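Below are the sequence and a predicted model; questions follow.
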Amino acid sequence: MSEGKGRIIFFTTIPPSEEDRIQAMLRIALIASSLGYEVIIYLALHSVMIVKRSVFEKLSDNIRSMITDAVKRNVKIMACKVAMEGFNVKEGDLISGVITAEPRDLFEYARNAITVSW
């Protein structure tokens, strides 16, 4: 864990079509990061499609910019491998900077963390 204030995990299942909800989550995650929290966004179910390159390119400029900014600010964006399999998303389909993770990894990261479900 970082030497900052602690760790916050955003667990989300938001589909790409709900850009207002994606934007709200990203805004809160970026604020937490700027306040010194270690931030992880765990993408489960439909939300893995947000970081699939072919879908990501169709999102609004604002959302793409916020995701890119989050990666640059060391926000860990994790795509659930189980969800990726369910939606036939391969690691090579993901945008740069996204990490793949097993569901069990979430529990390890969640130890002593604030978890927010979105």
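Ah, there it is.

what stretches of the chain score poorly on pLDDT?
Low-confidence segments of the chain (pLDDT under 70): 1-4, 118.

Now name the helix or strand holding residue 107.
helix 103-110 (DSSP states H and E).

in that helix, what counts as buried?
Burial within helix 103-110, assessed by neighbour count using 16 or more other CB atoms under 10 Å, is assigned to 105-106, 109. Any C-beta I mention is one placed from the backbone N, CA and C, and that applies to glycine too.

Let me see the ranges of the helices in the protein.
Secondary structure of the chain (DSSP state H): helices located at 19-34, 53-56, 61-72, 81-86, 103-110.

how long is stretch 75-94 from one end to the other?
Terminal residues of stretch 75-94 lie 16 Å apart, using CA to CA, to the nearest Å.

so how far is that stretch off the chain centroid?
11 Å (CA atoms, centre = their mean, to the nearest Å).

Could you do stretch 52-68 as well?
Taking CA atoms, centre = their mean, the mean C-alpha location of stretch 52-68 is offset from the chain mean by 12 Å.

List the contacts of stretch 69-87.
Residues outside stretch 69-87 that contact it (CB atoms under 8 Å, 6 or more residues apart in numbering) are 26, 29-30, 33-34, 38-49, 51-52, 67, 89-91, 94, 96-103, 105-106.

any idea how far residue 64 is from residue 50?
Per CB to CB, to the nearest Å, residue 50 is found 10 Å from residue 64.

Identify the contacts common to these two.
Common contact partners of residue 50 and residue 64 (CB under 8 Å, 6+ apart): residue 56.

quick one, which of the two is more surrounded?
residue 50 (26 against 15; other CB atoms under 10 Å).

Please name the bridge partners of residue 10.
Beta-bridge partners recorded for residue 10 (DSSP bridges): residue 41, residue 116.

Neighbours of residue 72, how many?
Neighbour tally, residue 72, other CB under 10 Å: 9.

And the one 10 residues further on, by the same measure?
By other CB under 10 Å, the residues close to residue 82 number 14.

before we move on, what about the one 3 residues further on?
By the criterion of other CB under 10 Å, residue 85 has 11 neighbours.

So it versus residue 45, what's the distance?
Distance, residue 85 to residue 45, using CB to CB: 12 Å.
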